[in-house]
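Peer 1: predicted model, plus sequence, below.
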Amino acid sequence: MKELIRILAAALLLGVCLAQLPLQIKPRPRGFPGKRDGIKRNANIEPLYRLNNTFIPSHYDVEVRVILDNDDTVGPQFTAPGKVRIVGVNQESSSRIVLHTNELTVNTSSITVSLTATPDQRLDISGIREDDERDFFIIELGSEIDAEAEVEIYMEHVAKISSSGVGLFYREYLTELGESRRLAVTQFAMVEARRMFPCFDEPELKATFELTVIRRDNYTSLSNTELVTSTPDPQYSGWTIDKYAPTVKMSTYLVALSVNDYSYAEALFGDKPSRTYAPKHLIDEGGGNYSADIQAKSLLFFESYYNETYKLSKMDAVAVPGVSGSMENWGMNVHPIPRTMFVPGKTTEALRNLITLVFCHEMAHQWFGNLVTFKWWNEVYLNEGLSVYTQYRAMEVVSPDLMGVEYAILDAVQNSMLYDASDFTHPLSFDVTTPEEIESMFSTISYEKGASVLRMVEGFLTRETLRKGLQAYLKKMSFQGAQQEDLFDSLEEAALADNRLPVGLAMHDIMNSWTVQSGFPVVRVQIANETAVQISQERFRNNGSDELEGSWYVPITIVTADKPSLENNIPQVWLEKDRGSQMVEHDVSTWIMINQNATGFYRVLYDEPLLLLIQKQLELDESVISPLSRSQLLDDYFVLANEKYVSIEAALNLTRYLEQETHFTVWSVVFSHFRNVHTMFSSNPTYVLLQSYLLPKLEAALAAVGIEESQSRTGTLAILRADLLDWACSLGSSVCYDYAKLLLAQWQANPNTSPISSVDARATLECAIVAAGGQPAFDFVFAKYQDSGNSAEIRDELLSALACTTEVSIMNDLLHKALNSTSGIAPEDAGNVLTKVTATQLGRTVILNFLSENLEDVINVIGDGNLQPISNVLETLGNYWNLQAQLEQLQAFVTAHQERLTPINMDIDSAIRAIQDNISWMNSTGFEIWMWLWFQ
């Protein structure tokens, strides 16, 4: 039967010319950027990695000279000579002081230890040892120090200014004129302050800090607090000594400094400055204005939301090249340049969304993380999860068009459920001690799952009660190290005061069920009889695994045909941990849904008759069911189908109503789950079925959102329009092509001004212009490419557009241009031409012939003697091809050039395995999807 259907399909589709274009908008990474996902933890825990806390520091004086340039008079380049004075109290009688250093050269003869009561009487030092494995620096004294004695430690040392991105490190950047400049900046999280100065480098051991930064006169410096004095260095000409005000009590990992030659943009929160520091040409372009403004607005929001003032006198954001993540140092945050600079008309709304999210997150940290810090790294979610949860609250206020609270379902809930079902998951509260184990806690679990659990708590406590609990937690634990029990205590007090918990339920029991075990439940809703359903839970299994058991306290909200929405998300029913199911009265001839707005952190599986009733309601009037509930329903069922709880047909049936859908959270789920289908079908005759099914739905949504350019369309609406256009154009929409022809005519009439005002949709529409416009459009866009100058980003975008041609002769011409250094293709872009061509349906039909005919030129001209361009093409083919004939075509190419391709045999094998996997997918899941599409 299968083979017969295949033959019939091939006959029907024979000769169909596919107008498939590659999707231009890459999948947007979900969740907070810069996490350390995918790190597996060691099973063995060694408690001796922690200090014994016999010495509790209260204050540090830190001096550091930052040598970025060659200057033999002061010391070697990329070193930082420094001094540290530490004052603290000995908790118990001891003759040993243990603190942290890492790759520091300590001048042991400089070390002094004295009692502050008798500072002139130095204590005898009998020995000094370093334990490199644990970063311990051990000072042995000749006699014991009494308990409660206040002690002063003094040390001189030299730190490295590395290029690694941790500790005190340097980066280089180019000015607008192409001049190379340097800056130095710190990244002390998680355990890297010890790389710049000796310290007690654990989050609970908070102290105040006074920094002195010595730098050359051609630089400026920044730190956590405001600059107090700048004076010439009396020892070395051309150097300046900057002294900074004392910090508030804080953890070592939050200490920060930067030495740079930046300029800044400024906004105000109250009478305090909010500044964004970046290279001068980026500031002059206006790139720092938005982030400085968002930073100020979010600080004002959080002061109100937390009912707790910001504790410092200023807030700086330093944009740094070549770093992967942001850092919430108190008063001086560090960000990657791309996630700091926003220029209207040049920057996408998608990037503005990310910048807003990141800045709101780091400002949330000024309270959750800085004011109150986790006691130890085993409960990172107390910093990260709470900050992710509240970042969406801030986004809702400071940039309402980004719809932050609704965006949370995509960014936090759905993203973390996928990770929590993976092999890399871990509980929110989990014992760690080694640096590697600590790093593993900075994952999607601590960030997005932590936020999702707080979002669930908001549901059953209400937003205002949760806010009261968070405010009480901040007030009680200010300037201290907290454990999750401290948070639970505050939430319990707020819940009891507002009568938010059923009798017999306690916050500690509820929360522990979600924090001390990994995973989450799938909640089943089954027909018990004509007037009742049974609701039960089981652990969601991944990859068919039934190894782990678990149960949770699960809040259940219920909406029905009679009551399709609730005023709040307070549960009508609780599933209790380690107890049975719950019976709920309901007329099973009408629809019922649970988990309104996806506030609960679980998936839902309905009996088939109940699912059909929900499907009918969606097709009749989807607006009766909330957008977030629709989004989560689709995500649940595609994931449940992937894990074989249900058939793929059950998930696909829920998409039939999409002509009526215009909400970005729903379409984001659709695009996410259809992306692989789109990729696989695009090199297969089945593609026409996908086109005929999706195009009417996409075009209806586009008509509702608006296909025309509009300056007033911002935020999620602009992002949604760009995504809808990307998919519609990729699927060969006549609506897209007609619009592209109109834009081309407008552009040709006024060549100096692009008619495409939406940066988010620009790449898509430029691609469509080339696809729809034939040779004249190709020539016009190629001229734009030649005029694009040094902007690699614009050149890359226009090259992608040129590869969208739907004419074989033009495609071959583009490929041959890549071999000709005088054709107008920049030599550094030639390799990209091959990859971009291979990413198109038409390109995949010609690329191997082109390589066969021009193999030596491709290797020598494009690859400069290297076979990497060939490897890139093969990898791209491996992403798309899924037919036996395509596999044989690749194998024939490899056989014909076997000797020349020997150096990339591993890449060839990888591409072949990928295609074999794709064939297997097409013969199973792909076949099921194809069959479903066939009968639509």
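Peer 2: Everything's here; your move.
Peer 1: strands along the stretch 101-250 of the chain, start to end?
Peer 2: Under the criterion DSSP state E, counting those that start in this stretch, the stretch 101-250 of the chain contains strands at 105-115, 118-122, 125-131, 136-145, 150-160, 167-174, 180-187, 208-216, 220-223, 227-232, 239-244.
Peer 1: quick one: list the elements packing against the first one.
Peer 2: Based on contacts counted as 3 or more Cβ pairs under 8 Å, 6 or more residues apart in numbering; DSSP states H and E, the elements that strand 105-115 packs against are strand 118-122, strand 125-131, strand 136-145, strand 150-160. C-beta: built from backbone N, CA, C; applies to glycine.
Peer 1: okay if I get those strands as JSON lines plus distance to Ala749, mean neighbour count and mean pLDDT?
Peer 2: Formatted as JSON lines, these follow (distance: least, Cβ to Cβ, whole Å; neighbours: other Cβ atoms under 10 Å; pLDDT from 0 to 100):
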{"stretch": "strand 118-122", "distance to Ala749": "81", "mean neighbour count": "9", "mean pLDDT": "90"}
{"stretch": "strand 125-131", "distance to Ala749": "73", "mean neighbour count": "13", "mean pLDDT": "95"}
{"stretch": "strand 136-145", "distance to Ala749": "72", "mean neighbour count": "16", "mean pLDDT": "95"}
{"stretch": "strand 150-160", "distance to Ala749": "59", "mean neighbour count": "19", "mean pLDDT": "97"}
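Peer 1: make JSON lines from the ones you listed and add distance to Pro755 to it.
Peer 2: Listed next are those as JSON lines, based on distance: least, Cβ to Cβ, whole Å:
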{"stretch": "strand 118-122", "distance to Pro755": "74"}
{"stretch": "strand 125-131", "distance to Pro755": "66"}
{"stretch": "strand 136-145", "distance to Pro755": "64"}
{"stretch": "strand 150-160", "distance to Pro755": "53"}
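Peer 1: one step back: just so I know, which of the strands of the stretch 101-250 of the chain lies nearest Ser416?
Peer 2: Closest to Ser416 of the strands of the stretch 101-250 of the chain is strand 180-187 (Cβ to Cβ; 25.0 Å).
Peer 1: partners of that closest one, with directions?
Peer 2: Here strand 180-187 is paired, per DSSP bridges, with strand 167-174 (antiparallel), strand 257-260 (antiparallel).
Peer 1: any idea which of those is most buried?
Peer 2: With neighbours taken as mean count of other Cβ atoms under 10 Å, the strands paired with strand 180-187 reach their highest mean count in strand 257-260, at a mean of 26.
Peer 1: after that one, which helix or strand is next? Please name it.
Peer 2: Downstream of strand 257-260, the first helix or strand assigned by DSSP states H and E is strand 263-269.
Peer 1: still on that earlier bit, Leu474 is nearest to which of the strands of the stretch 101-250 of the chain?
Peer 2: Nearest to Leu474 among those is strand 208-216; the distance by Cβ to Cβ comes to 19.6 Å.
Peer 1: return the closest one as PDB; C-alpha atoms alone will do.
Peer 2: Listed next in PDB are the C-alpha coordinates belonging to strand 208-216 (Å, rounded to 0.1, in the frame of the first residue of the first chain):
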ATOM      1  CA  THR A 208      32.500  46.100  51.200                       C
ATOM      2  CA  PHE A 209      35.100  47.000  48.600                       C
ATOM      3  CA  GLU A 210      37.100  50.100  47.900                       C
ATOM      4  CA  LEU A 211      38.800  49.900  44.500                       C
ATOM      5  CA  THR A 212      41.800  51.900  43.200                       C
ATOM      6  CA  VAL A 213      42.400  51.500  39.500                       C
ATOM      7  CA  ILE A 214      45.700  52.800  38.000                       C
ATOM      8  CA  ARG A 215      45.600  53.300  34.300                       C
ATOM      9  CA  ARG A 216      47.400  55.100  31.500                       C
END
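Peer 1: helices and strands around it, which ones?
Peer 2: strand 55-65, strand 220-223, strand 239-244, strand 257-260.
Peer 1: roughly how far out does it sit from the chain middle?
Peer 2: Its chain's average C-alpha position is 33 Å from that of strand 208-216, according to Cα atoms, centre = their mean, to the nearest Å.
Peer 1: that strand: partners in the sheet, and parallel or antiparallel?
Peer 2: strand 55-65 (parallel), strand 239-244 (antiparallel).
Peer 1: pull the distance from the last one to the chain's centre.
Peer 2: The chain centre lies 37 Å from the centre of strand 239-244; the measure is Cα atoms, centre = their mean.
Peer 1: can I get the strands of the stretch 101-250 of the chain in CSV including distance to Thr390?
Peer 2: Below are the strands of the stretch 101-250 of the chain laid out as CSV (distance: least, Cβ to Cβ, whole Å):
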stretch, distance to Thr390
strand 105-115, 41
strand 118-122, 45
strand 125-131, 39
strand 136-145, 36
strand 150-160, 35
strand 167-174, 29
strand 180-187, 23
strand 208-216, 26
strand 220-223, 26
strand 227-232, 30
strand 239-244, 29
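Peer 1: nearest to Ser387, of the ones you listed?
Peer 2: Among these, strand 180-187 comes nearest to Ser387, with 17.7 Å by Cβ to Cβ.
Peer 1: using PDB, list the CA coordinates for that closest one.
Peer 2: Taking C-alpha atoms only, strand 180-187 is exported to PDB below (Å, rounded to 0.1, in the frame of the first residue of the first chain):
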ATOM      1  CA  SER A 180      42.800  48.900  16.700                       C
ATOM      2  CA  ARG A 181      42.000  49.700  20.300                       C
ATOM      3  CA  ARG A 182      42.100  47.700  23.600                       C
ATOM      4  CA  LEU A 183      40.000  47.600  26.700                       C
ATOM      5  CA  ALA A 184      40.200  45.600  29.900                       C
ATOM      6  CA  VAL A 185      37.200  44.400  31.800                       C
ATOM      7  CA  THR A 186      36.300  41.800  34.500                       C
ATOM      8  CA  GLN A 187      34.200  38.700  34.600                       C
END
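Peer 1: and the host helix or strand of Lys297, what does it pack onto?
Peer 2: For Lys297, the host element (DSSP H and E) is helix 289-306. Secondary-structure packing of helix 289-306 (3+ Cβ pairs under 8 Å, 6+ apart): strand 263-269, strand 272-278, strand 315-320, helix 349-365, helix 381-398, helix 463-477.
Peer 1: give me that answer again for 6 Å
Peer 2: strand 263-269, strand 272-278, strand 315-320, helix 349-365, helix 381-398 (3 or more Cβ pairs under 6 Å, 6 or more residues apart in numbering; DSSP states H and E).
Peer 1: with mean neighbour count, mean pLDDT and distance to Ala701 added, can I get the strands paired with strand 208-216 in TSV?
Peer 2: TSV is the format used below for those (neighbours: other Cβ atoms under 10 Å; pLDDT from 0 to 100; distance: least, Cβ to Cβ, whole Å):
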stretch	mean neighbour count	mean pLDDT	distance to Ala701
strand 55-65	20	97	56
strand 239-244	19	98	54
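Peer 1: many thanks, have a good one.
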